[in-house]
Each structure stands twice: as structure tokens, then as C-alpha cells.
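>>> prediction below, plus the sequence it came from.
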Amino acid sequence: NITVDGKKIKAREGEMIIAALLNAGTRINRFTSKYKEPRGLFCGIGQCTDCIMTVNGIPNVRTCVTPVEEGMVVETQYGRGEWG
């Protein structure tokens, strides 16, 4: 299991974080800096950065190419993110 914005969700170790999020019904991963627009999965190969989130206190993690590890803490990112 991982924690996403304070909620526990089921996830399989080794699957990409974005897959666990989509399976749990999460579609928004971050909000842009300038216009605060929501972003979610777009390319799925780590190139566009629309899927970035804060993972274990580290901002700008590409969730489409980062595998789940048991106990991860994942948070919606606002703007450029802040180190936690």
C-alpha cells in the first residue's frame, strides 16, 4: 500500500505509481505554477512531466516511470513543488 494525499490506496510493488493512482480513481497529479491548471497522465513515458508529483518529500518525480515501493507517500504537487 501507498499513501496518496493522506489516503491509503492499494498498490503492487513494482508497478508504476501512475498505474496505482489511475486504478484508485486519481486523475489529477499536479497543478501548474502560473494558471493553477490541473494536469494528469499524458505521454506515459517520462517525457512531458505532466505526471510529476511529490514522492517521499521529493518534488518533480515522474510517476509514470517510477515504480511503487511499499509505504511510499505521494502528494499532489502544486507548481514547481517544495522539498519536504
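Thanks, I have the structure now.

>>> where do the helices sit along the chain?
17-23 (DSSP state H).

>>> pLDDT at residue 82, what is it?
The model reports residue 82 with a pLDDT of 73.

>>> whoops, residue 29 was the one
So residue 29 comes in at 88 (pLDDT).

>>> residue 42 and residue 65: what is the separation?
From residue 42 across to residue 65, the span is 13 Å (CB to CB, to the nearest Å). Quick note: C-beta positions are derived from backbone N, CA and C, even for glycine.

>>> what's the neighbour count on the nearest residue to residue 3 once chain neighbours are set aside?
Using CB to CB, 6 or more residues apart in numbering and skipping the chain neighbours, the partner closest in space to residue 3 is residue 73 (4.9 Å). Around residue 73 there are 14 other residues, counting by other CB atoms under 10 Å.

>>> test my guess that residue 73 contacts residue 58.
No. Counting by CB atoms under 8 Å, residue 73 stays clear of residue 58, with 10.2 Å between them.

>>> tally of neighbours for residue 44?
Other residues near residue 44 come to 14 when the count uses other CB under 10 Å.

>>> so, low pLDDT: which residues of the chain?
The model of the chain has pLDDT under 70 over residues 83-84.

>>> okay, and the beta partners of the spatially most central residue of it?
Nearest to the geometric centre of the chain sits residue 53, at 3.9 Å (CA atoms, centre = their mean). As for beta bridges, residue 53 partners with residue 61 under DSSP bridges.

>>> that one reaches residue 63, doesn't it?
Yes. Applying CB under 8 Å as the test, residue 53 and residue 63 come out as touching, 5.3 Å apart.

>>> quick check: neighbours shared by these two?
Common contacts of residue 53 and residue 63, defined by CB atoms under 8 Å, 6 or more residues apart in numbering, comprise 17, 29, 74.

>>> what is the nearest of those to residue 46?
Set against residue 46, the nearest of the shared contacts of residue 53 and residue 63 by CB to CB is residue 17 (11.7 Å).

>>> test my guess that that closest one contacts residue 55.
Yes. If you go by CB under 8 Å, residue 17 and residue 55 touch, sitting 7.0 Å apart.

>>> understood, closing this out.
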